[in-house]
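[1] kindly generate the corresponding structure for this input.
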Amino acid sequence: MRYHFSILIFFLFFFWFKHFLPHSFISENKHHSFQQFVYASNHEKQYFKIRNREFIHPLPGEITSILVAATSDMHGTLGIFCDFDCDQVKGLLHLVPVIKELRVRDPQMLLLDGGDTYQGSMMQFYLNHVQPSVPFQDPLLQLMNKLRYDAMTLGNHDLEMPLDKLSWRMRKASFPFLGANIQWKTETLGEFSKSTNSITTPFQNLHPYHVQERNGVRLGILGMTTPGVPIWLDPLQIKDFRIKEILSSSRKWISVLRDKEKVDLLIGLFHSGADKDYDDRTAIKLGLPSPNASGQVAKVLKQFDLLIAGHTHQTIPKYALDELPRFSVPIIFPGAYAKGVSVVKIKLIENQQRWQIYDMKFDFKSARINQDPMSIKEEIGLSDEMLESVRNYRSQPSKVILKEIPQKVVRNDCLSKLSHVALQQPGKESKFSLLPGSWHTADIKREDLGKPILRKHLFQWMRYDNLPVLANLYGLQIRIMLNPMLRKFQERRIRSSTYLVPGGFEAVPVVEDGPVRLSLKEWNGSTIREDELYKVWMTNYHWNGGSDIRSRALLHDSQLLKREQRFLRDAVFDFLAAKHPKLPLSCKQFLEPI
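    Take a look at the predicted model:
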């Protein structure tokens, strides 16, 4: 009797464990474990579940086709305000006619986006960091809703914004956000709800995959985010989740999509490039998986039928092609800034009561000028008040005027020195800086001469949302971080993002017996000693690990003194907008205080 009672207790406990502890992994087969309940809800506000579906059985000899269209790395480019490269046709508003024409060709077209969508334009910066949280609108998101996007994958830059703004977008989107390799840390999850069999997370519309049926074909779209996020983003921004390795994560979810969801076509929607070597060394040193794994997946996991790869801004193909032979699984790269849309036509035929691909064709449709982009402004929440607010923000004047259009080398030197000066605090000890020495070209025209430098000009020059970081660095670490500068002096090729220049001290190449080296000295002539500590400003991008700076210089968290919350670009603008700013010598060649 006692034995039977023990057995009963065991099965009752097992039933309770399985159905009321979804944060425990529940075995799906002998090889892998999956969370039967995912920590998110779908766009219909129903909790996401893995479904056991029946196969779709096409009729004997039946033929059908699927049209897939994809954008990626739009970086907030709506097409209303132009920040740079204004001679090009770009922006989602200018893709509206193209997407409408594709929908005429196939009303059931699948429309996808590969991420890095809501960061990178001045309008998105205003919405994310300047405009108050409530009321909040995003015309780009609402245009994606209007165009009936089916899914998008989170990109690394999408995670840079305040997470409440990202969470708002997820709630308001008519499509799911994907990230199958994003794993929430157990200790940060919300309370378990017995009524919904789920656990609330900050992101209520983040799914591992999305299943759709189009033209009689069941499609599975699996989303993956680059695991390189910790290289570029501040730890506090991503403290609640980790991003797992793409290849192994794909293997696990493939079996779910093929064996349980029983999809006919499997599409990988990855925010991850194909060149595994790019940033791989940096990731290995930081103990992270490869940031760019799409190519590796395309070589190894032939269960995929198509991969869509964002993150690297490549456009492949740029014109119509019948095949993409580089990888076992074809990969398309939709480019960036909504300059166009990648298109794939997939033809299928019935074979033994299952769908089989018998032809694929690839193309890229460029954006073209939308003659009346403002005709739908009310439909996408682009109010006159919002337009005026963004326009006023872009046009805020500084207290310096543009005397002449500078040469690139002069402008770069000026911006680096301005960045250094803007970070110094009046009346306090001057700090060193190691800041970027290469900046973007702004679209300054002849008619801008004699007029004040505007906030938008700083955004054009300094496009990345870098935050200043103050650290205690040894002289040897400073020397190591300046190695690319030495290589540049030797006319050797360097990656532009590794090129840092000194602020508050000088670094002069010295040619003596032996190899060329840098002589590092303070302005008072004192030599910078390799075993002494110095307070140095740098960007959070480089401090976190970007461009392999952290690994090469062996930077340690204990050396961090301070993280600024004001963007470097804003610090420079505020300096130029102050009364009678004292300009560095190189700046005086083309700027003049009012």
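[2] now stretch 317-329: mean pLDDT?
    Averaging pLDDT along stretch 317-329 gives 94.
[3] what's in contact with it?
    Stretch 317-329 has contacts (Cβ atoms under 8 Å, 6 or more residues apart in numbering) with 268, 274, 295, 297-302, 304-307, 316, 330-332, 342, 360-364. (C-beta placed from N, C-alpha, C; glycine too.)
[4] buried among those? Make that a ChimeraX selection.
    Here is the ChimeraX command that picks out the buried ones among the contacts of stretch 317-329, judged by 16 or more other Cβ atoms under 10 Å:
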select :268,274,295,297,298,300,301,304,305,306,307,316,330,331,332,342,360,362,363,364
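[5] the contacts of stretch 317-329 in strands, which ones?
    Residues of these located in strands (DSSP state E): Gly268, Leu306, Leu307, Ile316, Ile331, Ile332, Ser342, Met360, Lys361, Phe362, Asp363, Phe364.
[6] all helices of the stretch 451-594 of the chain, in order?
    Secondary structure of the stretch 451-594 of the chain (DSSP state H, counting those that start in this stretch): helices at 455-461, 475-481, 483-489, 540-544, 549-552, 568-577.
[7] go through those and name the closest to Pro132.
    Pro132 lies closest to helix 568-577 among these, at 17.0 Å (Cβ to Cβ).
[8] so Tyr340 sits against Asp363, correct?
    Just to correct that, residue 340 is Gly rather than Tyr. No: contact criterion Cβ atoms under 8 Å: Gly340 and Asp363 do not qualify, at 9.7 Å.
[9] let me see the contact set for the closest residue in space to Ile376 that isn't next to it in sequence.
    Of all residues not flanking Ile376 in the chain, Lys146 sits nearest, at 7.1 Å (Cβ to Cβ, 6 or more residues apart in numbering). Neighbour list for Lys146: Ile376, Glu379, Ile380 [criterion: Cβ under 8 Å, 6+ apart].
[10] filter these down to the buried ones and hand me the ChimeraX line.
    Of the contacts of Lys146, the buried ones go into a single ChimeraX selection, burial set by 16+ other Cβ under 10 Å:
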select :376,380
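[11] possible to save the contacts of Lys146 as CSV with pLDDT?
    Shown next, in CSV, are the contacts of Lys146 (pLDDT from 0 to 100):
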residue, pLDDT
Ile376, 92
Glu379, 93
Ile380, 95
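[12] what's the closest of the ones in strands among the contacts of stretch 317-329 to Gln565?
    Distances from Gln565 to the ones in strands among the contacts of stretch 317-329, taken by Cβ to Cβ, are shortest for Gly268, at 36.6 Å.
[13] partners of the closest residue to that closest one other than its chain neighbours in the sheet?
    Leaving aside its sequence neighbours, Gly268 sits nearest to Leu307 (Cβ to Cβ, 6+ apart; 4.3 Å). On the basis of DSSP bridges, Leu307 is bridged to Gly268, Ile331.
[14] contact partners for Leu307?
    With the criterion set at Cβ under 8 Å, 6+ apart, Leu307 makes contact with Ile267, Gly268, Phe270, Ser294, Val297, Ala298, Phe327, Val329, Pro330, Ile331, Ile332.
[15] now do stretch 404-424, average pLDDT.
    Averaged across stretch 404-424, the pLDDT comes to 94.
[16] and stretch 140-150, by the same measure?
    For stretch 140-150, the per-residue pLDDT averages 98.
[17] show me what counts as buried in it.
    Quick answer for stretch 140-150 (16+ other Cβ under 10 Å): Leu140, Leu141, Gln142, Leu143, Met144, Asn145, Leu147, Tyr149, Asp150.
[18] JSON lines for those residues, including secondary structure and distance to Asn466?
    Listed next are these as JSON lines, based on DSSP: H, G, I helix; E, B strand; the rest coil; distance: Cβ to Cβ, whole Å:
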{"residue": "Leu140", "secondary structure": "helix", "distance to Asn466": "23"}
{"residue": "Leu141", "secondary structure": "helix", "distance to Asn466": "25"}
{"residue": "Gln142", "secondary structure": "helix", "distance to Asn466": "29"}
{"residue": "Leu143", "secondary structure": "helix", "distance to Asn466": "28"}
{"residue": "Met144", "secondary structure": "helix", "distance to Asn466": "27"}
{"residue": "Asn145", "secondary structure": "helix", "distance to Asn466": "31"}
{"residue": "Leu147", "secondary structure": "coil", "distance to Asn466": "32"}
{"residue": "Tyr149", "secondary structure": "coil", "distance to Asn466": "30"}
{"residue": "Asp150", "secondary structure": "coil", "distance to Asn466": "34"}
